[in-house]
Structure formats: structure tokens, C-alpha cells
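> whatever this is, show me its structure:
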Amino acid sequence: MGAPTILCISSYYKGNQFLETCKAAGWRVILVTRESLLGEPWNRQACDEVFALPTLFERDMVIRGVTYLARSRQIDRIAPLDDYDVEMAATLREHMRIPGMGETTSHYFRDKLAMRERCHARGVKVPDFVHALNDERINEYLDRIPPPWLIKPRSAANSFGIKKFHDRAALWKLIEELGDDRSKWLIERFVPGDVCHVDAISQDGRVLFAQAHQYRRPLMDVAKGGGIFATATVERGGTLEKELLAMHREVCGHFGLRHGVTHMEFICGQDGHLYFLETAARVGGAHIYDLVEATTGVCLWAEWAKLEMSQGETDYQVPPARKDHGGLVLALCRQTHPDTAQFDDPEIRKRIDLKDHVGLVVVSPSRERVDALLASYEPRIQKDYLAFMPEAPPSR
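Model (predicted):
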């Protein structure tokens, strides 16, 4: 028999480090992406074959395409590289009887309603919510829960599609406009507070590595109003870090994750409570993985690839990790390839190489120093680089 084969599907350009890790481990690597992404700088040296479909969101098309490839190729693993591919990869695994996360588990990492229902049933605190389906239940919810309310698509990633309402009539108007698609949405109480995230690695149902960070602005505010995305490590060993890591472990156990990575978000409410917000079974976006690698030395993309190849059949150990503090700032830029030479602090560990974006990663033993650097960078980026693009739904 030849080398084992992993098929990676990606509806967005990302994950070269994943592909490179699989290739370096001696696996055959097949990449399946969208036709519109064939011109992106994928690492073709890490791919034995690259194929494309018009879309990766039509179930029958993808099943037919991948199973056609499987007529002449023994496919041993299937891995998604983007949040939008998690459910499709699970569908393919079950259809082709390939090891890895199945459809039922994948819904807990894609469907915001399924996440909330499971957490609520298991005693994990979540913002009050209701499915945007039954009129009587919605009205009872709106009678009981004061505004503002958020209405969210159940399966969109990040903050896409989320709208805030203070007026009941306006909310109902949108629900009616959704028509037969209203069942794809949920309504949730807006909880004011800071939003944090935990990025982690798990094997055999055990969390082996986890890093907690706090956004300097909620992602919803960045998505709606434009501006600068920034996040920083929470105080190492502090109360907040302990609470975030404990709730993350609990939720992972309830959702049944066996092997893989997670990006999980929480609200540190102004009411003093910690709330689960949402999770994903993939590497965090917006170059959060660069921040994690800069502060710990652990590459989440590479470790995820190892876990997807292994599926618990071989031993796995997380590399030794540092525990520095770090921060990431990233923004859409007026320049295609911005010159960031004006930022010359010795704590700068990485300059993000991303077309039409400006981004920096800083690392320091001191959280206070990280906060001071980010606070000084934000107005300079606002003045000299920042561009604004209105929110658009993800391409399907």
C-alpha cells in the first residue's frame, strides 16, 4: 500500500500550514476548494492534487465530486480548513465511513441554537434565547426578556448577519420578512460585557492546551461599524483565565469533541456572570493563530493537522509551550501592501502579511506592556491606514 491520503476541503483561502504538516508527515494531500479560489497562493508543493467545484455548500454536488475522486484514490481522512466546511466534512466522513467527527457532533460546533440548547440543558450559563420559529413562544420570550435583543443566523460564522433590536415591532417585522427561513434564526438577549475567547487543542476528549484572550472590541462592533480588530492574552494565572479555561473544558465535554482544535467565545457580563457564547471546531480566524504561536511557540494549524491524521490511533503530545503575554491588532487597510516601518518596538514579533490589511503581533512578559502597545497602535492605524468595508454576507 502507498502513503495514506488526507482530503482537505476549504471554501476560503487558508490553512497552508495544515497542508504542509500533512505533507511533511508523509501523507498524500488532496485539496478541494472553490473554483474562484484556484488563483490564491496555496502551497502547491504541499498538495499532490488540487481540485475545485463551483461551490462547497451544495451537499449532493460535493458528495458526488469527492466520491468520484474516491473511485481511483483511497481516501483515509477528510479535514475541513474553514468553519463553513465543518459540517460538509462531517457529512462526507459519514457517507464514506471515514474516521473523524460525525454530523451530530458537528452541529454543536456550527449551529448556534444547538450549542445553546445543549449548554442550557447541562447547566452552563448562556444568554436567554428562543428559536425564531413559534409565534407564541417568541411573544412569551419578548414579554419576559427586556430589550435589547439580538437576532442571529444559526449557522453563519463570527458576527455575520447579527442584528440588534430595541423595538419589538421592528424585530417582528424582520421575522416576518424572513418568511420560511425564520427557522434558521434565533433570538437572544443582548448581554453587555467583554468578549473573550479560548483557543485549544484536545485529544481523546481531554483538553491538552488552551489559551485565553480578550477582545479589545466586540467582534459585532467591528463587523458592523468597521474599525480595528484587536485581542490580547488575559492575565496569566488570574481569576478570569481560570474561569474561562474551566468553562471551556466543561463545554468541550458536553459537545463530545474527541480530537481537534476549538475556538470558543464567552461573555464576561457586566452583571458579574460568565456566559458561553459560541464555539467552532477549527483554528480561530483573524490571525489569532499567529498570536497563539508567538506567545507559546505552538502552531495550532500544525497540531490540528497531526490530530486529524491520527484520530487517536497514534500517540500525540502537545509541544512544550511558553507562557508569554501577547496582543494582536489587525485592520483593513487603504494600502495594498502597507509599510509598517513606523512601528519599531522590540516587542513586535510578527507583521501580518495579508493583502489590503495592516497587522502586528506583540509579545511581552507583561500584560500591561501589551495593553500599552495596542493602545498606542490603534489611533496610529486609524489615522494612517484604516479603510472601511461594509459588512457583507459570506460568499456561498
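
> for the rest of this, base every contact and every neighbour count on C-alpha atoms.
Noted.

> tell me the secondary structure for Glu308?
With DSSP: H, G, I helix; E, B strand; the rest coil as the basis, Glu308 sits in helix.

> count the neighbours of it for me.
22 (other CA atoms under 10 Å).

> so it makes contact with Gly260?
Yes. With contact defined as CA atoms under 8 Å, Glu308 reaches Gly260; the gap is 6.8 Å.

> so what's the residue nearest to Glu35 when sequence neighbours are not counted up against?
Setting aside the residues directly before and after it, Glu35 is nearest to Ala52 in space (CA to CA, 6 or more residues apart in numbering), at 4.9 Å. Contacts for Ala52 were tallied using CA atoms under 8 Å, 6 or more residues apart in numbering; they are 32-35, 38.

> in a helix, Ala52, correct?
No. Using three-state DSSP, the assignment for Ala52 is strand, not a helix.

> quick one: pLDDT of the nearest residue to Leu92 once chain neighbours are set aside?
With CA to CA, 6+ apart as the criterion, Leu92 has its nearest non-adjacent residue at 6.5 Å, and that residue is Ile63. On pLDDT, Ile63 comes in at 98.

> any idea how far Asp83 is from Ile63?
Going from Ile63 to Asp83 by CA to CA, to the nearest Å gives 18 Å.

> identify all contacting residues around stretch 244-259.
In contact with stretch 244-259 (CA under 8 Å, 6+ apart) are residues 100-101, 105, 108-109, 118-119, 122, 124, 198, 201-207, 210-212, 264, 266, 276, 307-308, 311-312.

> from these, which land in strands?
Taking DSSP state E, the ones among these that sit in strands are 198, 201-203, 206-207, 210-212, 264, 266, 276.

> pull the contacting residues for the nearest residue to Phe276 once chain neighbours are set aside.
Once flanking residues are discounted, Phe276 sits nearest to Phe266: 4.6 Å by CA to CA, 6+ apart. Shown in contact with Phe266 (CA under 8 Å, 6+ apart): 195-197, 244, 274-278.

> redo that, cut-off 7 Å
195-197, 274-277 (CA atoms under 7 Å, 6 or more residues apart in numbering).

> same check on Pro127?
188-189, 191, 275.

> and Val29, that's in a strand?
Yes. Assigned with three-state DSSP, Val29 falls within a strand.

> what's opposite it in the beta bridge?
In this entry, Val29 is beta-bridged to Ile6, by DSSP bridges.

> burial of it, as a residue count?
26.

> if I look at it, how far off is Thr336?
Taking CA to CA, one finds Val29 at 32 Å from Thr336.

> measure His263 to His248 for me?
Taken as CA to CA, the span from His263 to His248 is 10 Å.

> who's more crowded, the two?
Each of His263 and His248 has its neighbours counted (other CA under 10 Å); His248 has more, 25 against 22.

> which SS state does the more buried one fall under?
With three-state DSSP as the criterion, His248 reads helix.

> next SSE downstream of the helix or strand bottoming out on mean pLDDT in the chain?
Least confident helix or strand, the chain: helix 219-225 with a mean of 69, by mean pLDDT, DSSP states H and E. Note on helix 219-225: by DSSP states H and E, the next helix or strand toward the C-terminus is strand 229-233.

> please name the nearest non-neighbouring residue to the residue nearest in space to the middle of the chain.
Geometric centre of the chain, nearest residue: Gly284, 3.9 Å, by CA atoms, centre = their mean. Nearest non-adjacent residue to Gly284, counting by CA to CA, 6+ apart: His263, 5.3 Å away.

> so who does that neighbour touch?
So His263 contacts 197-200, 279-284 (CA under 7 Å, 6+ apart).

> report pLDDT for it.
97.

> again, but for the one 5 residues further on
At Cys268, the model reports a pLDDT of 97.

> equivalent analysis for Ala375, please.
98.

> quick one: list the elements packing against the helix or strand in which it is found.
Element membership for Ala375 (DSSP H and E) is helix 367-384. Helices and strands touching helix 367-384, as assessed by 3 or more CA pairs under 7 Å, 6 or more residues apart in numbering; DSSP states H and E, comprise strand 325-332, strand 357-364.

> most tightly packed of those?
Stretch with highest mean neighbour count among the helices and strands packed on helix 367-384: strand 325-332 (a mean of 27; mean count of other CA atoms under 10 Å).
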